[in-house]
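1. coords below, sequence missing:
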């Protein structure tokens, strides 16, 4: 739950607006964002952002998504403590996908795994190929059972 | 344009079905797929697959997307020669995003860049932070100007 001080230096408001203006948000006002651990290259998760989430992420250096199930801003780690610090936010050629280079504290996945991509084919089955590093109950507590946002 | 022999060993049909059955395709019948270079960790691109594309990718070991603009299967590299060989296809916790570990021949981006995420904030502007490695005209030819699928 430690909220370490930011070393992130926010860009000027004009820079934030320049990126946000170049994003092609979909019909729901959202853009896909891939989170990648900046130093190891591990792909941690994919989630969605609306314009406000893009702007808040860039302004604060703490990654904020838009939860489609809750229909609201989802500051990664607000419940679980597993925050993502922004290193750089990049936009793709078509303007419809963001790549967030982050520093992930603890685990990215609500199952307690470091990343969300832990299922792959082994023989005739879809197998679990990575084990949890943390207990989901410890991340969210009994009160948050079934809550899948960290 | 070299079509090198596959070392990929396709899973049995039951394994392919097990993964495809676990995917939660969206209202358009699509699932997001992130392509990552398997050895360097570079995130190359994000595109979409329908069930047929998922199955073909797994059966052939050559990555096949679904083009939303063309509304048809898009065998990566069919025009440009810049094919993606599959190493492993992983599914995330929610079943709505795939991570394809691939071996990308040449460049992934239709602009001739290695990956699609080449724009980021520098000062007050959205800047281009990577240069093309190949000439898009050489990738697609004059006849394919404006064609953005490789």
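-> That came in fine, so what should we check first? As the structure is a prediction and not an experimental result, all values here were calculated from the model.

2. neighbours around the residue of chain A found nearest chain B, how many?
-> Per CB to the nearest CB, the residue of chain A with the smallest distance to chain B is residue A:41, at 2.5 Å. The way it works is simple: take the backbone N, C-alpha and C, and place the C-beta from them, glycine included. By other CB atoms under 10 Å in any protein chain shown, the residues close to residue A:41 number 15.

3. quick one: is stretch A:55-73 near chain B?
-> Yes: applying CB under 8 Å from any CB of the partner chain, one finds stretch A:55-73 touching chain B at residue A:58.

4. now that stretch: mean pLDDT?
-> What stretch A:55-73 shows for mean pLDDT is 97.

5. Going by neighbour count, list what's buried in it.
-> Neighbour-count burial for stretch A:55-73 flags A:55-58, A:61-66 (criterion: 16 or more other CB atoms under 10 Å in any protein chain shown).

6. Out of these, which is nearest to residue B:16?
-> residue A:65 (31.1 Å; CB to CB).

7. Surely residue A:88 is in contact with residue A:101?
-> Yes: with contacts counted by CB atoms under 8 Å, residue A:88 reaches residue A:101, the gap being 4.6 Å.

8. Of the two, give the one with the bigger neighbour count.
-> residue A:101 (20 against 16).

9. just checking, that one is part of a helix?
-> No: read with DSSP: H, G, I helix; E, B strand; the rest coil, residue A:101 is strand and lies in no helix.

10. intersection of neighbour lists for residue A:88 and residue A:101?
-> Applying CB atoms under 8 Å, 6 or more residues apart in numbering or on different chains, one finds that residue A:88 and residue A:101 are jointly contacted by residue A:38.

11. Now for the residue nearest the centre of chain A: which residues touch it?
-> Computing the C-alpha centroid of chain A and ranking residues by CA atoms, centre = their mean puts residue A:35 first, at 5.4 Å. Going by CB under 8 Å, 6+ apart, residue A:35 touches A:43-47, A:63, A:84, A:100, A:102, A:104, A:108.

12. What strand or helix carries it?
-> For residue A:35, the host element (DSSP states H and E) is strand A:31-37.

13. Distance from the chain centre to the next helix or strand after that strand, please.
-> Once strand A:31-37 ends, the next helix or strand along the chain (criterion: DSSP H and E) is strand A:43-49. The chain centroid and the centroid of strand A:43-49 are separated by 5 Å under CA atoms, centre = their mean, to the nearest Å.

14. How about stretch A:132-143?
-> Chain-centre distance of stretch A:132-143: 18 Å, with CA atoms, centre = their mean.

15. Pull out the buried positions in that stretch.
-> By neighbour count with 16+ other CB under 10 Å, stretch A:132-143 contains the buried residues A:134, A:136, A:139-140.

16. ok so, going back, list the neighbouring strands of the strand holding residue A:35 plus their orientation.
-> Strand pairing for strand A:31-37, determined by DSSP bridges: strand A:43-49 (antiparallel), strand A:97-104 (parallel).

17. Make TSV out of these and add mean pLDDT.
-> Putting these into TSV (pLDDT from 0 to 100) gives the following:
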stretch	mean pLDDT
strand A:43-49	98
strand A:97-104	98
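
18. how about these in TSV, adding distance to residue B:120?
-> Formatted as TSV, the strands paired with strand A:31-37 follow (distance: least, CB to CB, whole Å):
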stretch	distance to residue B:120
strand A:43-49	15
strand A:97-104	9
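
19. So which of the ones you listed is nearest residue A:22?
-> Set against residue A:22 and scored by CB to CB, the strands paired with strand A:31-37 come closest in strand A:97-104, at 10.5 Å.

20. what sits up against the closest one?
-> Strand A:97-104 is contacted from outside by A:23, A:31-39, A:44, A:49, A:54, A:57, A:63, A:82, A:84-92, A:114, B:43, B:45-46, B:116-117, using CB under 8 Å, 6+ apart.

21. 6 Å - rerun?
-> A:31-38, A:44, A:63, A:84-91, B:43, B:46, B:117 (CB atoms under 6 Å, 6 or more residues apart in numbering or on different chains).
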